[in-house]
Structures are given as C-alpha cells and as structure tokens.
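K.L.:
How does the following fold in three dimensions:
(one chain, ligands or ions: 2)
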Amino acid sequence: MAASKSVAIVGGGISGLAAAFRLARRTSPTSYKVTIFESTDRAGGWIQSTVTDEGNVLEGGPRSVRPAGLSGRAALNLVYELGLQNSIIAVNSKHQAVSNRYIYVYNKLHKLPSGLMSMLKPISPFSKSLMYMILRDWWMHYGTKPSLKDSDESVYQFFQRRFSTEMADFLADPFCRGTSAGDARKLSMKACFPQVVNYEEQYGSILAGALLDKAIPISEADCPLVYQAKKERWRMWTLQNGMETLVNELFKQLTKCGVNIQLNTKCQQMSFLSDGKVMINSSEGLQDFDHVICALPAKNLGAILSSQHPTLSSKLSKIESITVAVVNLIYDEAIPAVNGFGHLVPSIESPGILGIIYDSCGFPQLDSKTKSSTRFSVLMGGAWFSQIHKENATDDYYIQMAVNAVRNQLGVKLEPSTVKLSMQRDCIPQYTIGHLPLVRQIFDYIAMHSLPMSLVGASYQGIGLADCIRNANLAADRI
Ligand SMILES: Cc1cc2nc3c(=O)[nH]c(=O)nc-3n(C[C@H](O)[C@H](O)[C@H](O)COP(=O)(O)OP(=O)(O)OC[C@H]3O[C@@H](n4cnc5c(N)ncnc54)[C@H](O)[C@@H]3O)c2cc1C
Ligand SMILES: C=Cc1c2[nH]c(c1C)Cc1[nH]c(c(CCC(=O)O)c1C)Cc1[nH]c(c(C)c1CCC(=O)O)Cc1[nH]c(c(C)c1C=C)C2
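P.N.:
Ligands and ions are numbered 1, 2, ... in the order given. Now for the predicted structure:
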C-alpha cells in the first residue's frame, strides 16, 4: 500500500497553489494529504482580475507571463496540465507590445531600442548608440574578469561602472521600476540579473556572454505548448478573463483532487516537534503535519517563527516588500494613443509615477466586445511610496494622480468612465544588496536544523509568476 504523508501549505497564492497541484499529481510510492492555509477569503494572492459588466478585464496584479527559460516553460506546462491551452492569449516577437517599450524623459516619450537597426544609431535620450556602449564594454573588458565574485553591488552601480551614468539612469533605473517597483540604487545586481553577472564572471564581456550563451534545449517532459511558444516566438502571454483564470482552475482541480483549501484561516504560529512533525496553530486550532511548504511572504513567516526560531525569524524579516498603488482606467473610446506595451518613468523624471501600461495594445482580446474602450494601468509608489502617500488621503487622491499622469504623459484629454484603485500593500519583495547570501543563510539554517520545511514564493528566488511556479514545483519534488 502507498505510504501517505501529510503536507501543510501556508499561503494560497500562486506559489502555494502550484506546489499543491504538483503534489496532488504525484503518484506512488508516496501519496500526499495536502492542506492549504490561506488567511484571506480567496486564493490567488496578488493575482487579482476583475471583469467589468461591459467585459473589460482589469488586473490589480500580474498581467502577463514570459514564456522564456526554464521558469517560462514551467508556467506553460502548468497551463497545459490544467487544460487551459485554449484560453491562452499569446503575443509574439513581432507584436508592437513587444517591440515598443518607452521611457518618459524630459516631458516626452522615447522608444527604447529594440532590434539591430535601432541599436546602431544614438536614439534620444541616449547620447551614444546602444551598440557603441555594448562594443565599448566588450573592447574594454573582454578576457578580463572584473567579477563581483565575492561582493555585490547595486544594479545602478553595475550599469554605471560598465556602461555609463546615462545607461544607469535611463535603462537600469526604469527596468528595476518596471519589474520590481524598486530602486536600482538599492537592488542587488547579483540577485536581480544573475545571468548578466554570470556573463561578466565567465567572459569579462556581457556581449560575449550573451552571444556564447547556449539555449537550454526543450526536454521530453515539456508539453506541446512549450514547442508552440518556441515555434511561434511567443514573448508574453495571459489568459482569457485575465490571470485569475489560472487561479480559478487550480482551485477547482485541487478541490476535486481532495486538497483541503482552508480559506479565512491564518497561520498564527508554527512549531517543530521532537518527533519530526510540524505543528500549525491557526484560527482553526492546532494541526500537525509531516512537512510544511511555506508559501507566504518572508516577513510574515518571520513573525510566525519568532518564538521558536528567533535567529531564522530575524533573517526572514530582513526581506522587505514595497507598496504599489495600481490604478486601472477605462476610457469609452478607442484611443489612438501610443502603440506598445507601455512606458516607464525613470526616478529622476518623476519618482512617484512608476509607469503606465497600455493594456489594450498588449491584449485587445481583454477589452469589452460590446463597447469601444481603451484600458490603461498606472502603477505608482513602489520604493518611492512615501513620496506619494498622504495621511488620510482618499482613494480619489490616488485616482486623480493616475488620471493626471495619463493626461500629461499621453495627452489623453478625456475623462475615464471606469476607475479602480488597488492599494497593494507590501506586495513586491525587494532583492536588495546582500539578498543572495541572506537567502543562502536562511536555507542553510533550515538544513542544519533538519526542519521539515520548504520555502517557496516571491521572497527568495524570483518574483515573476513563472519563477514562483518553477520554484514551487522544485520544492514539491524535493519532499
Ligand atoms: C502590482 C503587481 C504587478 C505584477 N506584475 C507581474 C507581471 O506582470 N508578471 C509577473 O510574472 N509577475 C508580476 N508580479 C509578481 C507576481 O504577481 C508575484 O510575485 C506572485 O504573484 C507572488 O505569488 P506568491 O504565491 O509567491 O505570493 P502571494 O501572492 O503574496 O501569496 C501569498 C499568500 O499567503 C497568504 N498569507 C500571508 N500570510 C499568511 C498566514 N499567516 N497564514 C495563511 N496565509 C497567509 C496571503 O494572503 C497570500 O494569499 C506582479 C506583482 C504585483 C504586486
Ligand atoms: C511600472 C511598474 C511595473 C510594471 N510592471 C510591474 C511593475 C512594478 C511588475 C512586473 N512586471 C513584470 C514582472 C515580472 C518580472 C519577471 O521576473 O518576470 C513584474 C513583477 C514583467 C515586466 N515588465 C517589464 C519588463 C521588462 C518585464 C520583464 C519581462 C518582460 O520583458 O516582459 C517592463 C514594464 N513594466 C511595466 C511597464 C509600463 C513596463 C515597460 C514599458 C509596468
């Protein structure tokens, strides 16, 4: 008879759900009795899609997933295993939402170089062409190994050291804002761009590294969607009715498989018993398990472990997250604004407004089918949240700030017909300088004390949805 192991999963965001799905699908010799503890009244964490009465999809959290790399494939494999392949909406390399990405500098939009031709000549606001900067980097550093081996530096310092202050201000800074709402001066180069640091360490030159890097071949375990994504050169995807479709399907199938999903059940404390079990103290009482997968933000986990493991707790609490105000705006006209994914605003231009996503350009399939409409999302705050925050400010204060940004930066003079503010408190973990050694110390502590515990989620090894899914699979496979 197959042995059975009880596994608790704390946190019902995508990381917790994906880990549960992986365990639920695993067959003999061990079967798993899985319980998910989720403190709120819904699963999905930051994945929050709303469909308006007119059929416009508004995302309060993630809106697209990249298919590239091992993580990208893990996400596509999950979509396939859930049978959601017909719901996928993909955008390929030729689409404007991929080739057209802008920065808003000196009060106007500047298209970032994409493709060889645009890299050959200087494009405003850059005084030198991107190709010049890359070749200069090669010429100056090829064969040398000025690595960060034992040290770390900020993303900003790295770009300034290897390229120029201009590249740090207009490329590195907005990129960090557009992927973690963070400050490039504080974020760790090694944690945010491990691949680029690897190129520097291995080849001295970033160009040489990029050219010599070998793509990881698709494996037999990959599903047909992965092959299709490669063949059709997909660059990002979403799902019909938004990213929450993924959560809804996971919830449905997990419940069907017998996974016990306890909503409104906050894990208050966790203790490790001498018989090797772990005790979860939640609003539902005490329950013990053979193993726990912690899929909640590191800081929350730190609070739960503080009495039994204060050293581990204090390390976990060092991983801070920032707050983002997301404002979705719908205008009742097809606005021929700018075509592209969106634009980012470098912090030296305007710290509080991080960027604007032109949702209707990337995924017009998520616009209303019955009424002409254009969707935008304005993302504000992040590492600069204190600069936009006002004590006792009403929702309208943030919404007006977003409407003004669309008016001033995109010239949209209309008033939106629908507005939605999602104040996403402590939503994106910041991989600041020293993040990698800190994570190593946390994992080493767990191994040294033989705690029956795995850590997954955006706090540790990748904030993108695809990374969360891959790391959840790996953790489930290691149990
Ligand atoms: C505004 C925004 C935009 C984003 N855009 C993108 C994008 O376009 N593409 C992309 O790939 N990624 C994007 N991301 C990142 C991605 O959405 C997140 O990193 C990912 O969803 C995190 O998932 P998670 O399961 O690790 O954590 P979470 O979603 O934070 O889930 C953790 C869960 O744990 C629960 N919890 C917390 N404490 C307890 C407790 N004590 N007991 C029980 N449950 C608890 C929480 O309620 C939550 O449901 C974005 C994130 C944000 C916030
Ligand atoms: C303006 C702020 C933000 C925008 N998106 C996010 C913020 C904070 C959040 C976000 N966007 C992406 C990720 C996943 C990162 C990953 O590791 O996969 C997260 C957490 C995807 C993404 N967005 C941009 C880039 C370059 C990426 C990485 C993947 C890709 O190349 O597609 C750029 C970008 N983000 C925003 C805008 C307006 C923008 C570019 C014009 C909004």
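
K.L.:
per-residue confidence at the residue of the stretch 1-150 of the chain found nearest ligand 2?
P.N.:
The minimum distance from the stretch 1-150 of the chain to ligand 2, using Cβ to the nearest ligand atom, falls at residue 101 (4.1 Å). (Each C-beta comes from the backbone N, C-alpha and C, glycine too.) On the pLDDT scale, residue 101 is placed at 94.

K.L.:
ok, now the one 5 residues further on?
P.N.:
Residue 106 is assigned a pLDDT of 94 by the prediction.

K.L.:
hang on, it packs against residue 170?
P.N.:
No - the pair residue 106 and residue 170 does not pass the contact test of Cβ atoms under 8 Å, sitting 10.4 Å apart.

K.L.:
what sits in contact with each of these two?
P.N.:
Shared contacts of residue 106 and residue 170, defined by Cβ atoms under 8 Å, 6 or more residues apart in numbering, comprise residue 125.

K.L.:
And those two? Which one has more around it.
P.N.:
The neighbour count for residue 106 versus residue 170, taken as other Cβ atoms under 10 Å, is higher for residue 170 (23 against 8).

K.L.:
Contacts only, for that one.
P.N.:
103, 105, 125-126, 346.

K.L.:
mind listing which of those are in helices?
P.N.:
Applying DSSP state H to the contacts of residue 170, no entry is found in helices.

K.L.:
buried subset of these?
P.N.:
Neighbour counting with 16 or more other Cβ atoms under 10 Å marks 103, 105, 126, 346 as buried within the contacts of residue 170.

K.L.:
Okay, the second one and residue 361: tell me how far apart.
P.N.:
It stands for residue 105. Residue 105 is 20 Å from residue 361, where distance means Cβ to Cβ, to the nearest Å.

K.L.:
At the contact with ligand 2, which residues of the chain appear?
P.N.:
Applying Cβ under 6 Å from any ligand atom, we find that the chain lies next to ligand 2 at 66, 101, 175, 177-181, 236, 324, 341-344, 354-357, 379, 462-464, 467.

K.L.:
Would you mind splitting the protein into its domains for me?
P.N.:
Per the record, the chain has its domains at 3-47+240-319+431-478, 124-212, by automatic domain parsing.

K.L.:
quick one: residue 207 and residue 138 touch, right?
P.N.:
Yes - in this structure, residue 207 is within contact of residue 138 by Cβ under 8 Å, at 4.6 Å.

K.L.:
circling back to that earlier point, need the domains of the chain in CSV with mean pLDDT, can you?
P.N.:
Compiled in CSV, the domains of the chain are given as follows (pLDDT from 0 to 100):
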stretch, mean pLDDT
domain 3-47+240-319+431-478, 96
domain 124-212, 85
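
K.L.:
would a markdown table of the ones you listed with distance to ligand 1 be doable?
P.N.:
Shown next, in a markdown table, are the domains of the chain (distance: least, Cβ to the nearest ligand atom, whole Å):
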| stretch | distance to ligand 1 |
| --- | --- |
| domain 3-47+240-319+431-478 | 2 |
| domain 124-212 | 7 |
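
K.L.:
if we compare those, which one ends up closest to residue 372?
P.N.:
Closest approach to residue 372 among these is made by domain 3-47+240-319+431-478 (20.0 Å; Cβ to Cβ).

K.L.:
for that closest one, the distance to its chain's centre please.
P.N.:
Here domain 3-47+240-319+431-478 is found 17 Å from its chain centre; the criterion is Cα atoms, centre = their mean, to the nearest Å.

K.L.:
same question, stretch 331-340
P.N.:
Distance of stretch 331-340 from the chain centroid (Cα atoms, centre = their mean) equals 26 Å.

K.L.:
same check, this time on stretch 85-94
P.N.:
In terms of Cα atoms, centre = their mean, the gap separating the centre of stretch 85-94 from the centre of its chain is 19 Å.

K.L.:
Who does the residue of the stretch 1-150 of the chain closest to ligand 2 form a beta bridge with?
P.N.:
On the basis of DSSP bridges, residue 101 is bridged to residue 342.

K.L.:
Give me the distance between it and residue 438.
P.N.:
Residue 101 sits 31 Å away from residue 438, going by Cβ to Cβ.

K.L.:
Per-residue pLDDT of the nearest residue to residue 320 once chain neighbours are set aside, please?
P.N.:
Residue nearest to residue 320 in three dimensions, not counting chain neighbours: residue 430, with 5.5 Å by Cβ to Cβ, 6 or more residues apart in numbering. Looking at residue 430, its pLDDT stands at 98.

K.L.:
list the contacts for residue 430?
P.N.:
Per Cβ under 8 Å, 6+ apart, neighbours of residue 430: 180, 182, 186-187, 319-322, 383.

K.L.:
ok, now with 7 Å
P.N.:
Applying Cβ atoms under 7 Å, 6 or more residues apart in numbering, we find residue 430 in contact with 180, 182, 187, 320-322.

K.L.:
just residue 403 next, same as before
P.N.:
329, 416.

K.L.:
could we number from 58 for the rest of this?
P.N.:
Got it, first residue is 58 now, which makes that one residue 460.

K.L.:
any idea how far it lies from residue 357?
P.N.:
Using Cβ to Cβ, residue 460 is found at 34 Å from residue 357.

K.L.:
Check residue 141 too.
P.N.:
For residue 141, the distance to residue 357 - Cβ to Cβ - is 29 Å.

K.L.:
same deal with residue 268?
P.N.:
Relative to residue 357, and taking Cβ to Cβ, residue 268 is found at 42 Å.

K.L.:
Quick check: phi and psi on whichever residue of the chain sits closest to ligand 2?
P.N.:
The nearest approach of the chain to ligand 2 comes at residue 521, 2.5 Å away (Cβ to the nearest ligand atom). Dihedral angles of residue 521 (phi, psi; degrees, to the nearest 10) stand at phi -70, psi 150.

K.L.:
how about it, what does it touch?
P.N.:
By Cβ under 7 Å, 6+ apart, the contact set of residue 521 is 123, 128.

K.L.:
Also residue 408?
P.N.:
By Cβ under 7 Å, 6+ apart, the contact set of residue 408 is 441, 444.

K.L.:
Repeat that for residue 64.
P.N.:
If a contact means Cβ under 7 Å, 6+ apart, then residue 64 has 80, 89, 91, 346-348, 350, 536 as its contacts.

K.L.:
That one - that's part of a strand, no?
P.N.:
Yes - assessed by DSSP: H, G, I helix; E, B strand; the rest coil, residue 64 belongs to a strand.

K.L.:
what bridges to it?
P.N.:
For residue 64, the beta-bridge partners are residue 91, residue 348 (DSSP bridges).

K.L.:
For residue 333, see how far away it is.
P.N.:
Distance, residue 64 to residue 333, using Cβ to Cβ: 14 Å.

K.L.:
and the nearest residue to residue 152 once chain neighbours are set aside, how many neighbours?
P.N.:
Sequence neighbours aside, residue 292 is the residue nearest to residue 152 in space, at 7.4 Å (criterion: Cβ to Cβ, 6+ apart). Using other Cβ under 10 Å, residue 292 has 21 neighbouring residues.

K.L.:
Thought residue 397 was touching the residue of the stretch 58-207 of the chain closest to ligand 2, still the case?
P.N.:
Yes - if you go by Cβ atoms under 7 Å, residue 158 and residue 397 touch, sitting 6.0 Å apart.
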